[in-house]
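[1] Sharing a sequence plus its predicted fold:
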Amino acid sequence: MTQSHPLVSVITPAYNAARFIRATIESVKSQTYPHWELILIDDCSRDETVDLIRQEFGDPRIRLIELTCNSGAAVARNTGIQAARGKYIAFLDSDDLWLPEKLERQVAFMQERDIAFSFTQYRIIGENGPGARHVVPIPEQIDYTGLLKNTIIGCLTVMLDREKLGTVQMPNLRTRQDTALWLQILRQGHTAYGLQEVLAEYRKVDGSISSNKWKAAHQTWRLYRDIEGLNIARASWCFVHYGWNAWKKSVSWT
């Protein structure tokens, strides 16, 4: 890789992802930006996920790491981060998709602005197809205080510059581990910048962890109190705003 065309390490945890993993991998292989490595971390799948991934080994940019025990998304992502060789890290879950120009447009965006943290707009698609294709709008930038009151940053859209940020690692949480990492980075004084283009598609799968709103709300509260150490008053204030923003997002999805 060169300084003008740095390597992007794509981190994809997978667990029983046979239904969607081929489409996810193909969305990476279809990128107009060729300087990437795809690190797939299988979390002890019991379906054909690993076999399907191995069929992609003809592309030397694709690597598989198999965990020896089921450990959850945070451990899987951190394992991928530790194995990454790229200047940039990007995240893509095993049922989501990227549009072909995602990496090219986002690398250029970060280089032009000399920034450490970026994210993009994305679409919501149905479990079995495009569905309503609702576009999630994003702010041009967001800081620590702003993100405490919102979950607007889609993990599948994030790109981080490891040379600017140093070591990054997600807290070992069942959910919200990605938001916890974003908050950790922003708490250090960084700002996350939003690229105002739809460059990814989030698949809304019935029964997934992220689809359970009550559990998500509980985990958000625990994130405020246990990870961020907010007092009751501030945590409550942030939680009200989080609930309002989450409601607006869910209403617009339907």
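    Right, received. Where do you want to start?
[2] quick one: low-confidence parts of the chain?
    Residues of the chain that meet the criterion pLDDT under 70 lie in 1-2, 129-133, 207-212, 247-254.
[3] Show me the residue at the heart of it, geometrically.
    To find the centre residue of the chain, average its C-alpha atoms and take the closest one (CA atoms, centre = their mean): that gives C155, at 2.0 Å.
[4] Who's the closest spatial neighbour of that one, skipping the chain neighbours?
    D178 (4.2 Å; CB to CB, 6 or more residues apart in numbering). Bear in mind the C-beta positions are built from the backbone N, C-alpha and C, glycine included.
[5] who touches the one you found in this structure?
    Shown here is D178, whose contacts under the criterion CB atoms under 8 Å, 6 or more residues apart in numbering are R77, F91, I153, C155, V158, M170.
[6] Check those and tell me the two furthest apart.
    Put simply, by CB to CB the two of these set farthest apart are R77 and I153, 14.9 Å from each other.
[7] before we move on, which element is the nearest residue to R225 once chain neighbours are set aside in?
    In space, R225 comes closest to A235 once its chain neighbours are excluded; the distance is 5.5 Å by CB to CB, 6+ apart. When elements are defined using DSSP states H and E, A235 is found to belong to helix 232-253.
[8] Surely Y242 is in contact with N150?
    Yes - taking contacts as CB atoms under 8 Å, Y242 lies within contact range of N150: 6.6 Å.
[9] Comparing the two, which residue is more hemmed in?
    Each of Y242 and N150 has its neighbours counted (other CB atoms under 10 Å); Y242 has more, 22 against 18.
[10] so where do the strands sit in the stretch 1-150 of the chain?
    When assigned using DSSP state E, counting those that start in this stretch, the strands of the stretch 1-150 of the chain occupy the ranges 8-14, 36-42, 62-66, 88-91, 97-98, 117-126, 129-136, 141-142.
[11] Out of those, which one sits most buried?
    Between those, strand 8-14 has the highest mean count of neighbours, a mean of 25, where neighbours are mean count of other CB atoms under 10 Å.
[12] Kindly export that strand (C-alpha atoms) in CSV.
    Provided in CSV are the C-alpha atoms of strand 8-14 (Å, rounded to 0.1, in the frame of the first residue of the first chain):
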residue,chain,number,x,y,z
VAL,A,8,-8.4,-0.6,4.9
SER,A,9,-9.0,-3.5,7.3
VAL,A,10,-12.6,-4.6,7.3
ILE,A,11,-13.7,-6.3,10.5
THR,A,12,-16.7,-8.7,10.1
PRO,A,13,-17.8,-10.9,13.0
ALA,A,14,-20.0,-13.8,12.0
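[13] partner strands of that strand, parallel or antiparallel?
    Note on strand 8-14: by DSSP bridges, its sheet partners are strand 36-42 (parallel), strand 88-91 (parallel).
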